[in-house]
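Participant: Structure, please.
(2 chains)
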Amino acid sequence: MSINATLLAQCLVFLALVWFTMKFIWPQVLEAIDQRNKEIADGLEAAARGRSELDAAQGRIEQLVSEARSQASEIIEQANGRASRIVDEAREEGERERLRLVESAHSEIERETMQARDELREQVAELAIAGAEKILQREIDAGVHGAMLQRFANRI
Amino acid sequence: MAAESGDGGSAGYIEHHLTNYQWPSGDGGFWTLHLDSLFYSVLLGVLFAGSFYFAARRATAGVPGRWQSFVEMLVDFVNTQVKDAYHGPSKLLAPLALTIFCWVFLMNFMDLVPVDLLPEIGLLLGIEYMKVVPSTDLNITFGLSLTVFVLIIVFSIRAKGLGGFGREIFFKPFGKWLLPFNVTLKVVEELAKPMSLALRLFGNLYAGELIFILIALFTLGNTLTSLVTSAAAFSFVVQFALGLAWALFHILVITLQAFIFMMLTIVYLSMASEEH
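Facilitator: Coordinates of the predicted model:
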């Protein structure tokens, strides 16, 4: 165990190794690390930005949804109102139609009754005349029977 | 586990394990190189630089692969430590810290490779001596710490200028009338840094390696066929249990030592670039 020229050789090897590391290893590796760190930082920042944008979009969505919901309920309300109005109108129309039909039926009945009465009256009159003719053929006394016939005809 | 290079018994075995492969061999002069330490330290350095370069070249800011993630984790970890302790504009300090941490860890990690595995392979290839853990070689640890020492001085001068650095040596902390004391104090203070860095790492790893060698002594001289005897089988079990326990504990030690070396380097260099 003695100190000898091995020491000098070792110094030279050491210096060469340090130079090599300084030149070809350290800067490259450190640059890769730094760059990756930067990319990670950028990525995190972008993620945070995306999250805040997502939050804003969520808020906008909620607003839009609530607007749409209120619009929809408004529309439904309008539709309901319109529907009940239509039903009411239809009901009134039907009522009017019914009244009209009843009216016309009444007047028809009235008219037919009048007609039947007229016909009846004519037939009675004819019958009365026929009866009168038969009676007259047997005994006619215009002076006696004229007032009676007149009363008879008036009663019909 | 097995007797290697035969002679000398336990003492010979231990000594063999603590001897470097030297070139030119044996004469003990300063211009000797420990080829085994250098080989493994360069190999591990290239392994570190190559594998990290592989990740750095294909580094993307997109989804990282597993290896890139691991490298980024280490880079980020070191970067955090550096940023906590150092506030200067240095482009050097953080890569320096990363290199120290990974390289020292890998060199320490060689301690967990079974003590006889690589030396035995070396013997087969005709390499007589081999120490596989570079950080158990004082030359290696001092090579690191003295380089850090030079960098401390460079950082000091760069931060305070030559004059400021000189003032710090000569006139602090006791003023100009106690100049010799100031210089002595400063020299001791500064020299203590590389000494403690190198000796701490060396001491921890050398001791750890030695304990692995001692544990391996349990079955020294046993052959596979002798395992049938109960005594040999018992020593085998003991070696396994102790080796496992020490290796598990050592995982902490090697990581901690690598971390301490890196951390202290950062602290020393940031102290050097600040006014006292």
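Participant: What residues does the stretch 101-250 of chain B have near chain A?
Facilitator: By the rule C-beta under 8 Å from any C-beta of the partner chain, the part of the stretch 101-250 of chain B lying against chain A is B:103, B:137-140, B:142-144, B:146-147. C-beta: built from backbone N, CA, C; applies to glycine.
Participant: Tell me which two of those residues sit farthest apart.
Facilitator: The largest distance within these, taken as C-beta to C-beta, falls between B:Trp103 and B:Leu138 and amounts to 16.7 Å.
Participant: Show which residues not belonging to whichever strand or helix holds A:Asn154 make contact with it.
Facilitator: Per DSSP states H and E, A:Asn154 falls inside helix A:142-155. Helix A:142-155 has contacts (C-beta atoms under 8 Å, 6 or more residues apart in numbering or on different chains) with A:125, A:128, A:132, A:135-136.
Participant: Likewise for stretch B:35-43?
Facilitator: So stretch B:35-43 is in contact with A:6, A:9-10, A:13, B:20-23, B:103, B:107, B:110, B:122, B:127, B:129-134, B:137, B:139-140, going by C-beta under 8 Å, 6+ apart.
Participant: Buried ones only from those residues, please, as a ChimeraX command.
Facilitator: Of the contacts of stretch B:35-43, the buried ones can be selected in ChimeraX as follows, counting by 16 or more other C-beta atoms under 10 Å in any protein chain shown:
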select /A:6,9,10,13 /B:20,21,22,103,107,110,122,129,130,131,132,133,134,137,139,140
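Participant: Among the contacts of stretch B:35-43, which lie within helices?
Facilitator: Using DSSP state H, the subset of the contacts of stretch B:35-43 located in helices is A:6, A:9-10, A:13, B:103, B:107, B:122, B:139-140.
Participant: separation between B:Arg167 and chain A?
Facilitator: Using C-beta to the nearest C-beta, to the nearest Å, B:Arg167 is found at 29 Å from chain A.
Participant: Model confidence score at that residue, please.
Facilitator: Looking at B:Arg167, its pLDDT reads 87.
Participant: Over to B:Asp7?
Facilitator: 54.
Participant: right, and B:Ala61 touches A:Asp42 too?
Facilitator: No - counting by C-beta atoms under 8 Å, A:Asp42 is not a contact partner of B:Ala61; they are 11.2 Å apart.
Participant: what about these two, which has more around it?
Facilitator: The neighbour comparison of B:Ala61 against A:Asp42 (other C-beta atoms under 10 Å in any protein chain shown) goes to B:Ala61, with 15 against 10.
Participant: Spell out which residues sit in contact with that one, please.
Facilitator: By C-beta under 8 Å, 6+ apart, the neighbours of B:Ala61 are A:32, A:35-36, A:39.
Participant: Residue 118: how many residues sit nearby?
Facilitator: I'll assume chain A. Neighbour number of A:Asp118 under other C-beta under 10 Å is 10.
Participant: that answer is for a different chain, and I need it for chain B
Facilitator: As a burial measure, B:Leu118 scores 18 neighbours (other C-beta under 10 Å).
Participant: Pretty sure it sits against B:Val132.
Facilitator: Yes - B:Leu118 is within contact range of B:Val132, at 4.6 Å (criterion: C-beta under 8 Å).
Participant: residue of the stretch 101-250 of chain B with the smallest distance to chain A?
Facilitator: Residue nearest to chain A within the stretch 101-250 of chain B (C-beta to the nearest C-beta): B:Gly143, separated by 2.7 Å.
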